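Asks: Fold the following.
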Amino acid sequence: MLDHSDDQPAVTAEDQRLINKFARLHQNFAQLREEMAALRTDIENINEAVDEILLFGDDEGQAIPYRIGQTFVHSDSDTLNEQLEKDKVKSAADLETKESKSSELSEQMSQLKANLYEKFGDHINLETEKD
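Replies: Just a heads-up that it's a prediction; the model follows:
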């Protein structure tokens with residue numbers, strides 16, 4: 001038999017809806033963090049590629065391999081630098097968008113946590129390893 005102590009508040013349908021909403025927000029937040037980490041890595045790799053091209057030199061007619069998907073395309077350093085700059089700008093814009101969305105999600109989660117902790121106190125745990 002379940003022991004329903006008087007100090008533990010009952011979970012209403014609305015409370016459960018808020019808990020589920022928090023869980024969905026947290027899942028989206030975690031996914032965004034992974035995507036942001038991947039974009040930061042992409043930007044670092046692009047910067048390293050630009051540096052490598054500078055070290056490679058400006059030998060006329062020298063083709064430099066550039067991977068697009070599963071295929072390597074050979075290109076001259078000027079064309080490749082232009083493509084890398086476009087890739088970097090796109091990745092930086094994507095990162096900025098994801099950071100903004102992440103901030104919004106974090107704000108929503110904080111508000112939900114405050115509301116749920118206010119009602120349930122230490123009877124609920126909404127903390128994560130990365131909070």
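Asks: can you give me the helices for the protein?
Replies: 13-56, 77-120 (DSSP state H).
Asks: Mind giving me the packing neighbours of the first one?
Replies: The contact analysis (3 or more Cβ pairs under 8 Å, 6 or more residues apart in numbering; DSSP states H and E) places helix 13-56 against helix 77-120. Heads up, the C-betas are built off the backbone N, CA and C, glycines and all.
Asks: residues making contact with the helix or strand bottoming out on mean pLDDT in the chain?
Replies: Here the helix or strand of the chain ranked lowest by mean pLDDT, DSSP states H and E is strand 64-68, holding a mean of 83. With Cβ atoms under 8 Å, 6 or more residues apart in numbering as the contact definition, strand 64-68 has outside contacts at Ile53, Phe56, Phe72, Val73, His74, Ser75, Asp76, Ser77, Leu80, Gln83.
Asks: So among these, which ones count as buried?
Replies: Buried subset of the contacts of strand 64-68 (neighbour count, 16 or more other Cβ atoms under 10 Å): Ile53, Ser77, Leu80, Gln83.
Asks: residues in contact with the first one?
Replies: Neighbouring residues of Ile53 by Cβ under 8 Å, 6+ apart: Ile64, Ser77, Leu80, Asn81, Leu84.
Asks: Include distance to Leu126 when you put those into JSON lines, please.
Replies: Putting the contacts of Ile53 into JSON lines (distance: Cβ to Cβ, whole Å) gives the following:
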{"residue": "Ile64", "distance to Leu126": "50"}
{"residue": "Ser77", "distance to Leu126": "52"}
{"residue": "Leu80", "distance to Leu126": "48"}
{"residue": "Asn81", "distance to Leu126": "47"}
{"residue": "Leu84", "distance to Leu126": "42"}
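Asks: how near is the residue nearest to Lys21 when sequence neighbours are not counted to Glu104?
Replies: With Cβ to Cβ, 6 or more residues apart in numbering as the criterion, Lys21 has its nearest non-adjacent residue at 6.5 Å, and that residue is Leu112. Distance from Leu112 to Glu104, counting by Cβ to Cβ, to the nearest Å: 13 Å.
Asks: same deal with Leu18?
Replies: 17 Å.
Asks: ok, now Ala13?
Replies: Using Cβ to Cβ, Ala13 is found at 26 Å from Glu104.
Asks: Sweet, I'm off.
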